[in-house]
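J.: okay, predicted coordinates and the sequence, questions at the end:
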Amino acid sequence: MSGRPDTDMASAGPADGGDGDEERAGQDGGGDVRRPVDLEERQEGRPGGGAVNNVVVRQRNNASMTEPSHMPSPAIHLKARAVDGPQAAASSSSYTGVGVGVVKRAGSPLEREEHKRAKGDSQRHQPAANLPSAQQPQRPPAPHPAAGVGVLPSTGLTLSGHAHHPPPLSCLGGGVSSAGGDRAIGAGIDGDGSDGQQGSRQGRQTGDSYASRQLSESIIRRTITDAQQVTQLIQQKGADLNVEPLLRVTGTTGRYQAYPLVALCIDNLTDNSLPSIWAGDCGDASPVAMPTWETPGLQLAVMRALIQRGAGINGGSHLSRPIRVALASCNRAAFNLLMGHPGIQLRGREAAMQVRTLPTDQPTEAHEAILLSFYRQLIQRDTTLATERDLGGMNLLHSAALRPPVWSQQFIESYIDLLVANGADITAVDMMGGRTPLHFAALCPCGSHRVAASLCRRLTAADINRGTPNDPTYTPLTVAAERLDEDIQQLQEDNTGQAVRDRLTVRIPHVKTTIRVLLQAGADIALMLTATEEDRRRRQLVLPEYATVLNNLPDDVMAAINAALAPQRSLAALLAPRLVVGPQEAPIFAWRIASYLFDMAAATQTITGSIPSRHSAMARRVRAAVEHSVRSSVYEASSNREVVGEMANVGGEMVRVPLQCFAINAGQQGGQHRLLGVREVVHRARLDEVAQHGVAGLVKGFNEHLGDDDCQFQWQQLGCVERGRDGRATFTPLQLT
């Protein structure tokens with residue numbers, strides 16, 4: 001049995017285009033044989049069939065965003081299920097009213113098409129800080145004018161009370177909204193709370209459908225002006241507090257997304273740059289931009305009225321849990337209200353899971369700070385939240401690796417630091433394929449390169465090149481190469497639609513970046529298979545990315561040297577004007593005085609943090625060469641002028657010659673040792689990689705007129721010349737073999 005996941009594990013997520021919560025989102029409502037029907041088709045003889053206008057659709061994809069004002073106004077429908085029996089579908093009722101919110105869509109069938117394609121073949125990649133008040137985000141305006149609840153028909157349906165959800169599945173998958181065109185939200189009342197699963201309803205609390213729907217609509221549309229209205233609907237009209245409205249994009253099929261009323265009360269304070277409410281969309285889910293309450297105080301008053309009268313705060317599943325909606329909304333007031341309730345339950349509810357986003361979402365620095373403060377508060381309350389794993393063995397690091405690359409590197413570092421500091425296992429493997437979080441980052445269809453970079457900084461070389469239990473060659477680099485190959489193959493297919501091409505064109509660079517991150521971290525190309533034409537093709541895709549890594553290395557080296565020498569240069573520049581010596585001698589004396597205060601240990605740390613390459617022979621040689629160059633610059637050079645170098649004739653051309661602190665041993669013949677600088681040493685290390693892996697396109701970047709002749713030497717010949725007090729020069733090898 002191969003270590004690569006079987007095709008029947010495709011729903012496990014990242015290869016299907018998901019970001020980690022999509023399949024779970026699809027499980028949250030609907031799906032049985034008694035599913036609600038579209039009232040637009042059932043209401044004969046009534047104009048509009050219960051349609052709700054004044055709502056627009058915002059199509060979103062990786063390339064652009066269509067503003068609501070440029071889109072037509074589709075309809076919204078309310079769907080309700082009867083309590084019992086096969087007549088439920090035919091018993092749906094409708095209303096006339098105003099729009100609920102704005103649907104934000106991805107605009108391409110890419111993920112779902114890939115899902116089907118993956119299941120149809122045997123591809124081995126298939127997956128088996130609190131801010132000051134001044135920095136708080138402003139409350140966004142409602143996406144459309146608020147209006148009253150629509151006129152409800154006189155017929156009433158009996159709705160059951162408390163929701164009962166099946167246990168979550170162990171896999172993640174699905175995809176974001178993927179169909180183009182105009183769409184709206186279909187809302188329904190979850191009559192049995194069973195997420196579409198058949199089961200007994202005997203003994204459950206029931207309520208009047210009119211009042212329950214009226215309460216749900218009033219919350220969704222933000223038409224409540226006083227919390228007393230909630231009390232009246234509950235106490236006088238018998239509204240059921242624990243019905244869960246079902247959301248689905250009108251005109252689509254598949255499951256609904258069920259939300260507790262408490263969750264639907266929570267305003268999104270990110271101006272919907274982060275999604276918090278999702279609607280079912282042909283088996284996937286699309287984010288919905290809801291209207292907002294008139295004041296923050298009204299929001300809290302309505303939430304308290306519901307909770308005080310028995311509305312559950314732990315209802316819903318996955319994305320629809322109130323605590324997760326509050327977190328994704330960056331709504332501190334709602335979050336604190338829930339956290340302060342003695343009945344809040346956090347364990348087993350994915351409370352600390354990174355919020356779900358679309359690839360086009362744009363969280364701000366303020367949003368990231370608020371989210372981090374929420375995560376810290378959650379884990380301080382219960383540290384076991386950081387170590388939670390689902391039934392498939394995936395932990396929160398696996399989930400973070402599946403998210404689109406919309407978060408800053410600083411946010412990713414802080415989030416992973418928080419999890420690891422509280423016990424999250426960075427090398428944990430899932431039960432379906434034995435894959436680590438780094439495997440998932442490589443497999444993420446959106447290219448989770450920032451998570452990959454953060455993970456690689458914490459992993460050993462063995463973990464970076466780790467395969468699966470049944471296939472040692474299935475390393476993260478191989479996984480990423482397969483992802484890139486499949487995307488390119490699909491892009492080149494004649495029958496690939498333009499929307500899919502647009503999505504692929506945007507995301508392929510992210511996958512390439514992930515490959516470069518892995519190569520910088522020491523991912524070994526030599527471990528990739530070459531037995532088949534497909535294997536060789538995928539290996540060839542990696543080589544241009546490695547050429548990019550090698551061509552960027554000289555800039556990384558120069559940045560590391562300048563950063564390490566910055567304290568020395570600053571202090572010397574500060575001292576020179578204050579020394580009572582001549583203008584020619586002042587820089588020399590200042591440089592020497594500053595060297596006595598230089599912290600070489602701190603410089604070494606700076607070098608390590610500035611050079612991304614690690615865990616390879618080349619990385620070790622380059623790092624050692626940079627450290628020697630910095631040490632020589634501080635303690636051996638006369639001043640910064642010598643470090644930078646003077647102009648000189650080299651091979652017939654006038655070029656700048658930086659500090660020559662390396663030497664090639666002339667042997668025992670008594671010849672003169674050949675001097676060279678750090679540039680030549682680094683280029684020699686790059687030439688080794690070119691020869692080993694067959695990389696093309698390496699750019700030398702200096703003294704091009706000399707070719708590579710000035711960089712040819714054996715590593716055992718490399719050293720430096722040290723002069724004793726008597727002035728005699730002695731060659732000392734640097735041991736960079």
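T.: Noted; the coordinates are in hand.

J.: okay, now Arg623: neighbour count?
T.: The number of residues packed near Arg623 is 19, by other CB atoms under 10 Å. Quick note: C-beta positions are derived from backbone N, CA and C, even for glycine.

J.: helices or strands up against the helix or strand where it lies?
T.: In this structure, Arg623 sits in helix 617-635 according to DSSP states H and E. When contacts are defined as 3 or more CB pairs under 8 Å, 6 or more residues apart in numbering; DSSP states H and E, helix 617-635 packs onto helix 533-575, helix 600-610, helix 678-693.

J.: does Ala279 belong to a helix, a strand or coil?
T.: Per DSSP: H, G, I helix; E, B strand; the rest coil, the local secondary structure of Ala279 is strand.

J.: pretty sure it contacts Gln257?
T.: Yes - using CB atoms under 8 Å, Ala279 is in contact with Gln257, at 5.5 Å.

J.: identify the contacts common to these two.
T.: 247-248, 285 (CB atoms under 8 Å, 6 or more residues apart in numbering).

J.: those residues in strands, which ones?
T.: Per DSSP state E, strands hold the following members of the shared contacts of Ala279 and Gln257: 247-248, 285.

J.: with pLDDT and distance to Thr292 added, can I get those in JSON lines?
T.: Formatted as JSON lines, those follow (pLDDT from 0 to 100; distance: CB to CB, whole Å):
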{"residue": "Leu247", "pLDDT": "90", "distance to Thr292": "17"}
{"residue": "Arg248", "pLDDT": "88", "distance to Thr292": "22"}
{"residue": "Ala285", "pLDDT": "88", "distance to Thr292": "21"}
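
J.: and the contacts of stretch 329-342?
T.: Applying CB under 8 Å, 6+ apart, the external contacts of stretch 329-342 come out as 130, 136-137, 262, 265-270, 274, 276, 296, 299-300, 303-304, 307, 313, 322-323, 325-327, 344, 367, 370-371, 374, 377-378, 381.

J.: can you get me a residue count around the closest residue in space to Asp599 that isn't next to it in sequence?
T.: Nearest non-adjacent residue to Asp599, counting by CB to CB, 6 or more residues apart in numbering: Pro567, 7.2 Å away. Counted with other CB under 10 Å, the neighbours of Pro567 add up to 17.

J.: Phe598 is in contact with Pro567, correct?
T.: Yes - the pair formed by Pro567 and Phe598 meets the contact definition of CB under 8 Å, at 6.8 Å.

J.: any idea how far Pro322 is from His341?
T.: With distances defined as CB to CB, to the nearest Å, the gap from His341 to Pro322 amounts to 10 Å.

J.: what do the two both touch?
T.: With CB under 8 Å, 6+ apart as the test, His341 and Pro322 both reach Ile313.

J.: those two: which has the busier surroundings?
T.: The residue with more neighbours, out of His341 and Pro322 and counting by other CB under 10 Å, is Pro322; that gives 30 against 15.

J.: so who does that one touch?
T.: Going by CB under 8 Å, 6+ apart, Pro322 touches 260, 262-263, 266, 313-316, 334, 338.

J.: switch the cut-off to 7 Å
T.: Contacts for Pro322 (CB atoms under 7 Å, 6 or more residues apart in numbering) come out as 260, 262-263, 266, 313, 316, 338.

J.: same deal with Ala481?
T.: Contacts for Ala481 (CB under 7 Å, 6+ apart) come out as 515, 528, 538-539, 541-542.

J.: just Val325 next, same as before
T.: Residues touching Val325, when contacts are defined by CB under 7 Å, 6+ apart, comprise 263, 266, 276-277.

J.: for those, give me JSON lines that also has distance to Asn665, pLDDT and secondary structure.
T.: Compiled in JSON lines, those are given as follows (distance: CB to CB, whole Å; pLDDT from 0 to 100; DSSP: H, G, I helix; E, B strand; the rest coil):
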{"residue": "Ala263", "distance to Asn665": "72", "pLDDT": "97", "secondary structure": "helix"}
{"residue": "Ile266", "distance to Asn665": "71", "pLDDT": "98", "secondary structure": "coil"}
{"residue": "Ser276", "distance to Asn665": "66", "pLDDT": "95", "secondary structure": "coil"}
{"residue": "Ile277", "distance to Asn665": "70", "pLDDT": "94", "secondary structure": "strand"}
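
J.: return the closest of those with respect to Ala424.
T.: Closest approach between these and Ala424, by CB to CB: Ser276, at 24.5 Å.

J.: pretty sure the closest one contacts Asn268?
T.: Yes - in terms of CB atoms under 7 Å, Ser276 counts as a neighbour of Asn268; the distance is 4.6 Å.

J.: pick out the lowest-pLDDT one from the contacts of Pro322.
T.: Minimum pLDDT across the contacts of Pro322 is recorded for Gly316, with 89.

J.: ok, that one to Ala326 distance?
T.: Here Gly316 is placed at a distance of 12 Å from Ala326 (CB to CB).

J.: ditto for Phe374
T.: 8 Å.

J.: of those two, which one has the most company?
T.: Higher neighbour count among Phe374 and Ala326: Ala326, with 28 against 25, using other CB under 10 Å.

J.: secondary structure element for that one, which one?
T.: helix 322-328.

J.: domain parsing for the protein?
T.: 387-528, 542-733 (automatic domain parsing).

J.: so which of those domains is the most surrounded?
T.: Among the domains of the chain, ranked by average contacts under mean count of other CB atoms under 10 Å, first place goes to domain 387-528 (a mean of 21).
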